[in-house]
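S.K.: everything below, folded, please.
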Amino acid sequence: MYDLPPDLDRLHTLRTWHAMWLDRIDQAIHAAQQEHEARQAQERRAAAPPPPAWVVGLHDLTGTPEEVHQGGCTMWAHRRRKAVPREEARRLLADGLRACQFCKPDTELGLLE
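M.R.: Just a heads-up that it's a prediction; the model follows:
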């Protein structure tokens, strides 16, 4: 019968041995899967464009500028925003637009000492 031993003891031994190997193979598959997912996540992060240096938070309904942020600031991450160049951010702050109290773009832009 399929090159298997005929006695029960050796069949149980083979069953245990193969179950052990299946467990080792499953562990190797799990580790390889985690490594693959980590590598994909790292590649996605590397491919993502860097955040803009300066961001203007916009009012949700009207779209008018409300607050200036540094590009990496997460305080405005869930709302409408627009990337702006450094000089426009400076101009908006100088014109009285509010600066984010967390990332402090006015200090970074040299408007406050």
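
S.K.: what packs against the lowest-mean-pLDDT helix or strand in the chain?
M.R.: Lowest by mean pLDDT, DSSP states H and E among the helices and strands of the chain is helix 105-108, with a mean of 90. For helix 105-108, the elements it packs on are strand 65-70, helix 86-94, judged by 3 or more C-beta pairs under 8 Å, 6 or more residues apart in numbering; DSSP states H and E. Every C-beta, even on glycine, is put in place using the N, C-alpha and C of the backbone.

S.K.: show me where pLDDT drops low in this structure?
M.R.: 1, 77-78, 112-113 (pLDDT under 70).

S.K.: dead centre of it: give me the residue that sits there.
M.R.: Using C-alpha atoms, centre = their mean, the residue of the chain that lies closest to the mean C-alpha position is R45, 6.6 Å off.

S.K.: so how far is the top helix by length along the chain off the chain centroid?
M.R.: If you go by DSSP state H, the chain has its longest helix at helix 8-47. Helix 8-47 sits 26 Å away from the centroid of its parent chain (C-alpha atoms, centre = their mean, to the nearest Å).

S.K.: give the buried residues for it.
M.R.: By 16 or more other C-beta atoms under 10 Å, helix 8-47 has no buried positions at all.

S.K.: could you list every residue that touches the spatially closest residue to R80 that is not a sequence neighbour?
M.R.: Excluding its sequence neighbours, the residue lying closest to R80 (C-beta to C-beta, 6 or more residues apart in numbering) is L58, at 4.2 Å. By C-beta atoms under 8 Å, 6 or more residues apart in numbering, L58 lies in contact with T64, P65, E66, R79, R80, R81, K82.
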